[in-house]
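no sequence for this one, just the structure:
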């Protein structure tokens, strides 16, 4: 967990560097950071994450060296936001295409008058349909409970997938949780606890299995060293193509879900 020190605007003048040359950015000190990391998001703009006791005077030069990456990804982020806004993100969805399960659920809404924000979701298997009974004018409540339904679906599905891949690769893990990360598809702690993003449900099964394998390999190597990638390659020789496909996978996530926080763009993206 990162610390909660407030983000501070940094003076962009350092040596020959000027405000005109550098984009505006914020700096966040993280207890967990071991090196400097840059990310760009709609919510935070350009953010520089640094370890404790890092020399702030070095930051402008790092930002300058990443200038081409920053400009390229600011454009990419703007294009992404335009795409999301074009998909009617503020409306209730009428279907859920869960590619990892090879399932497409149609959604039917039934209006009820209620003072509570309780939403009832009922499943029908033939055909696949969700019946949402609620005050459908309360769009946020309906979206919240649909999201909870997705998280529960992901928890059941990914647990079986992760266990199967773990057994096949002989890469044990301690526990798995499903979360709603804004910036990651998955993560692995030093205690071999794996967290997975429920939005993986919308990705193709082969890509999802790669993400799970990726995190299992982190139980051995907590980095992206050559040893790590060699281990990934041992089990998935096609990993480079699968990894590259994750850069465009956001297009498969429904806008009404992704609007809550587009994944940040980092230098490896």
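Happy to help now that I have it. Everything numeric in this text was worked out from a predicted model, so none of it was measured.

flag every buried residue along whichever strand or helix holds residue 73.
In this assignment (DSSP states H and E), residue 73 forms part of helix 67-85. Across helix 67-85, burial judged by 16 or more other CB atoms under 10 Å covers 69, 70, 73, 77, 80, 84. Backbone N, C-alpha and C define where each C-beta goes, glycine included.

for stretch 33-53, same thing?
For stretch 33-53, by 16+ other CB under 10 Å, it's 33, 36, 37, 38, 39, 40, 41, 46, 47, 48, 49, 50.

for stretch 165-179, what is the distance to the chain centroid?
A distance of 19 Å separates the centroid of the chain from that of stretch 165-179, by CA atoms, centre = their mean, to the nearest Å.

how's this protein carved up into domains?
8-85, 141-258 (automatic domain parsing).

which of these is buried the deepest?
domain 141-258 (a mean of 17; mean count of other CB atoms under 10 Å).

right, and the helix or strand after the helix or strand containing residue 97?
Counting by DSSP H and E, the element that carries residue 97 is strand 95-98. The helix or strand immediately downstream of strand 95-98 is strand 103-111, counting by DSSP H and E.

now do the buried residues in that next one.
105, 107.

mind listing what's buried along the helix or strand just after that strand?
If you walk from strand 103-111 toward the C-terminus, the next helix or strand you reach (DSSP H and E) is strand 120-125. Within strand 120-125, no residue is scored as buried using 16+ other CB under 10 Å.

can you give the contact residues for the following helix or strand past strand 120-125?
Toward the C-terminus, strand 120-125 is succeeded by strand 128-134 as the next helix or strand (DSSP H and E). Under the criterion CB atoms under 8 Å, 6 or more residues apart in numbering, residues 96, 103-112, 114, 118-124, 141-142, 145-146, 149 lie in contact with strand 128-134.

make it 10 Å
Applying CB atoms under 10 Å, 6 or more residues apart in numbering, the contact partners of strand 128-134 are 92-93, 95-96, 98, 101, 103-112, 114, 116-124, 141-142, 145-146, 149.

nice, that's everything, thank you.
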